[in-house]
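Chemist: the sequence and its predicted three-dimensional model are supplied below.
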Amino acid sequence: MLGYKGPAQPSPLLGDALNAGYYYLEVRCLGCDTHQTVALDIVRRPKTTLVHELERYMRCNQCSERQGRPYKRSHLVALRTNKISASEPASVWWPGER
């Protein structure tokens, strides 16, 4: 997704991403600019679901608490092999991106 500087489409199937070792999906909130990782092995969707279709279900917790309702302003960033941590920081966006 980062390499082509564009949308997450086309994307692999959920099952294919897990089999390739990508267990996490990095998501960026466009409202508060936070990066979070979502574990793909606990997603309650069929393994034949395309990864980019998960974007419509992503909700930011911080923005939702401020709005008082489920609030969607997320953007898929990258598939990851591990979670975001101090040793593995969030993915770097290309200059000029949103």
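Modeler: Good, I have the coordinates.

Chemist: which residues in this protein form strands?
Modeler: 24-29, 35-39, 74-80 (DSSP state E).

Chemist: format these as CSV; extra columns: mean neighbour count, distance to R45 and mean pLDDT.
Modeler: No exception for glycine: its C-beta is placed from N, CA and C like everyone else's. Shown next, in CSV, are the strands of the chain (neighbours: other CB atoms under 10 Å; distance: least, CB to CB, whole Å; pLDDT from 0 to 100):
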stretch, mean neighbour count, distance to R45, mean pLDDT
strand 24-29, 22, 12, 88
strand 35-39, 16, 12, 88
strand 74-80, 20, 14, 83
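
Chemist: mind putting those in JSON lines, distance to R66 included?
Modeler: Below are those laid out as JSON lines (distance: least, CB to CB, whole Å):
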{"stretch": "strand 24-29", "distance to R66": "11"}
{"stretch": "strand 35-39", "distance to R66": "16"}
{"stretch": "strand 74-80", "distance to R66": "15"}
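
Chemist: select, out of the ones you listed, the one closest to R56.
Modeler: Among the strands of the chain, the nearest to R56 by CB to CB is strand 74-80 (9.1 Å).

Chemist: elements contacting that closest one?
Modeler: strand 24-29 (3 or more CB pairs under 8 Å, 6 or more residues apart in numbering; DSSP states H and E).
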